[in-house]
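S.K.: only geometry, no sequence info:
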């Protein structure tokens with residue numbers, strides 16, 4: 001077994017701790033970035049769903065005011 005100077009051992013331990021700190025920071029940044037990306041995707045999807053629901057509510061309201069839904073499209077259908 002080789003005798004290592006105390007200062008050398010402490011320096012190597014500091015380097016190892018520093019490497020672990022950098023690794024932890026890197027992992028934390030990657031996880032935060034991934035979570036933020038997924039959060040943005042979910043929010044965009046929720047906005048799309050809200051627009052679609054609003055559009056369908058407007059269609060239902062218009063059709064209920066104008067009557068049966070097929071009547072509202074009868075003027076658009078060609079008479080053969």
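M.R.: Sure thing, it's come through. The structure presented is a predicted model; accordingly, all values stated were derived computationally and were not measured. Numbers count the residues shown, from 1 in each chain.
S.K.: helix/strand/coil for residue 2?
M.R.: Following DSSP: H, G, I helix; E, B strand; the rest coil, residue 2 is assigned to coil.
S.K.: neighbours around it, how many?
M.R.: 3 (other Cβ atoms under 10 Å). From N, CA and C alone the C-beta is placed, and that goes for glycine too.
S.K.: Next one: it from residue 8, what distance?
M.R.: 11 Å (Cβ to Cβ, to the nearest Å).
S.K.: repeat for residue 61
M.R.: 79 Å.
S.K.: cool, and residue 54?
M.R.: In terms of Cβ to Cβ, residue 54 sits 69 Å off from residue 8.
S.K.: Okay, and residue 41 sits in which element?
M.R.: helix 6-66 (DSSP states H and E).
S.K.: so what pLDDT did residue 8 get?
M.R.: The model reports residue 8 with a pLDDT of 90.
S.K.: Could you count how many residues lie near residue 8?
M.R.: By other Cβ under 10 Å, the residues close to residue 8 number 9.
S.K.: Which residue lies nearest the spatial centre of the chain?
M.R.: In the chain, the residue lying closest to the centroid (Cα atoms, centre = their mean) is residue 38, at 2.2 Å.
S.K.: burial count for residue 42?
M.R.: Per other Cβ under 10 Å, the neighbour tally for residue 42 reads 10.
S.K.: Can you tell me how far it is from residue 34?
M.R.: 13 Å.
S.K.: can you check residue 12 too?
M.R.: Using Cβ to Cβ, residue 12 is found at 33 Å from residue 34.
S.K.: Pull the number of nearby residues for residue 63.
M.R.: Residue 63: 15 neighbours (other Cβ under 10 Å).
S.K.: before we move on, what about the one 4 residues further on?
M.R.: The tally of other residues near residue 67 (other Cβ under 10 Å) stands at 9.
S.K.: How much space separates it from residue 58?
M.R.: Noted for residue 67: a distance of 16 Å to residue 58, by Cβ to Cβ.
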